[in-house]
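>>> okay, sequence plus prediction incoming.
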Amino acid sequence: MVWDYNDRTPPLRPDTARLRFIPPLVLGSYKIPHVIWGDDASICHEVPSVVSDSMHILVPKAYLEIASKCLTEYLPFKRTVFPPNEDELLPCYSDECILLASKEKLCITADYIILIPDILFHFDATNPTSIQTPPSYFELPSKFDKVGVPSFPALVSAYLLCLGESGTQNFTGFQKGRWRMGDLRARILGWVVTLIAWRRREPWEEYYNGPEEFPVTLKEIRNCLSLESIPILDSIYMKSATLSAEPSDQS
């Protein structure tokens, strides 16, 4: 796919967004801390992502069960188990994740909901400074302000921390052979690079000799990230320390 970075057409139509965000609206209405994640988070930052059959939602570990209960009581979903060999739509990030499946063909554009402990992605869904409301271009009614969307700096910082050394050690679902750990890192790397690239306003090189050579937009992004995530960002865009999808072997 060749993307036009000057195109700012909303990646999801308003009528589709209203249906898509009903599950997190339910959680927000019951004051359950949460944020939408993955591709759904990307579309809230103008990235033209494919909306899949599954919706990823981060919830603090202490709220996982109540979140599952609310969604199964107020929406036509049922709790189920992850299949033994997940495809890319149903990744079991850890044994603590909860999978909900729709009981019937829904007008809601998600057949599965994956509830994920926020700590796995180094995110705090209870921190209001890391969360914003859905973007105005979706033209959502005011009640959808209850939907938790990760802010751009918090989202990118969380992804970067996952790519750091031992940043994926808590993803027990991948350690059991359901996916290769490299597949997980490649997916996260794809999310973060696309989020950053979609904000660029000038030509970029593939790699740079150091942060002082970064283009203006990349410097602005770098300056808004958490301090611990900045070295990981630098490793992606610097020639001397490019980041691999596969972690190096530790002897």
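Cool, the structure landed. Numbers count the residues shown, from 1 in each chain.
>>> quick one: the helices in this protein?
Here the chain has its helices, by DSSP state H, at 14-20, 22-29, 39-43, 64-74, 152-163, 172-175, 181-197, 216-224, 230-237.
>>> domain ranges for the chain, per the record?
Domain segmentation of the chain under automatic domain parsing yields 14-150, 157-241.
>>> and the helices of the chain, which one is worst for confidence?
Mean pLDDT per stretch puts helix 172-175 lowest among the helices of the chain, at a mean of 73.
>>> packing partners of that one?
When contacts are defined as 3 or more C-beta pairs under 8 Å, 6 or more residues apart in numbering; DSSP states H and E, helix 172-175 sits against helix 181-197. No exception for glycine: its C-beta is placed from N, CA and C like everyone else's.
>>> so the helix it packs on versus helix 230-237, what angle?
Here the directions of helix 181-197 and helix 230-237 differ by 90 degrees (axes from the mean of the first three to the mean of the last three C-alpha atoms, to 10 degrees).
>>> please renumber the chain so that the first residue is 48 from this point on.
With 48 as the first residue, the last one maps to helix 228-244.
>>> any idea of the angle helix 228-244 forms with helix 199-210?
Per the same axes, to 10 degrees, the angle that helix 228-244 makes with helix 199-210 is 150 degrees.
>>> and helix 228-244, what does it pack against?
helix 86-90, helix 199-210, helix 219-222, helix 277-284.
>>> how about it, which residues are buried there?
Across helix 228-244, burial judged by 16 or more other C-beta atoms under 10 Å covers 231-232, 234-236, 238-239, 241-243.
>>> only alpha carbons, please: show it as CSV.
Extracted as CSV, the C-alpha positions of helix 228-244 are listed here (Å, rounded to 0.1, in the frame of the first residue of the first chain):
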residue,chain,number,x,y,z
MET,A,228,8.1,-13.5,20.2
GLY,A,229,9.5,-11.9,17.0
ASP,A,230,6.0,-11.8,15.5
LEU,A,231,4.9,-9.8,18.5
ARG,A,232,7.8,-7.4,18.4
ALA,A,233,7.3,-6.9,14.6
ARG,A,234,3.7,-6.1,15.2
ILE,A,235,4.5,-3.5,17.9
LEU,A,236,7.3,-2.1,15.8
GLY,A,237,4.9,-1.7,12.9
TRP,A,238,2.3,0.1,15.0
VAL,A,239,4.8,2.6,16.4
VAL,A,240,6.7,3.3,13.1
THR,A,241,3.4,3.9,11.3
LEU,A,242,2.1,6.2,14.1
ILE,A,243,5.2,8.3,13.9
ALA,A,244,5.4,8.3,10.1
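>>> tabulate the helices and strands packed on helix 228-244 (CSV), appending mean neighbour count and distance to Cys139.
Below are the helices and strands packed on helix 228-244 laid out as CSV (neighbours: other C-beta atoms under 10 Å; distance: least, C-beta to C-beta, whole Å):
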stretch, mean neighbour count, distance to Cys139
helix 86-90, 23, 17
helix 199-210, 23, 16
helix 219-222, 18, 4
helix 277-284, 18, 25
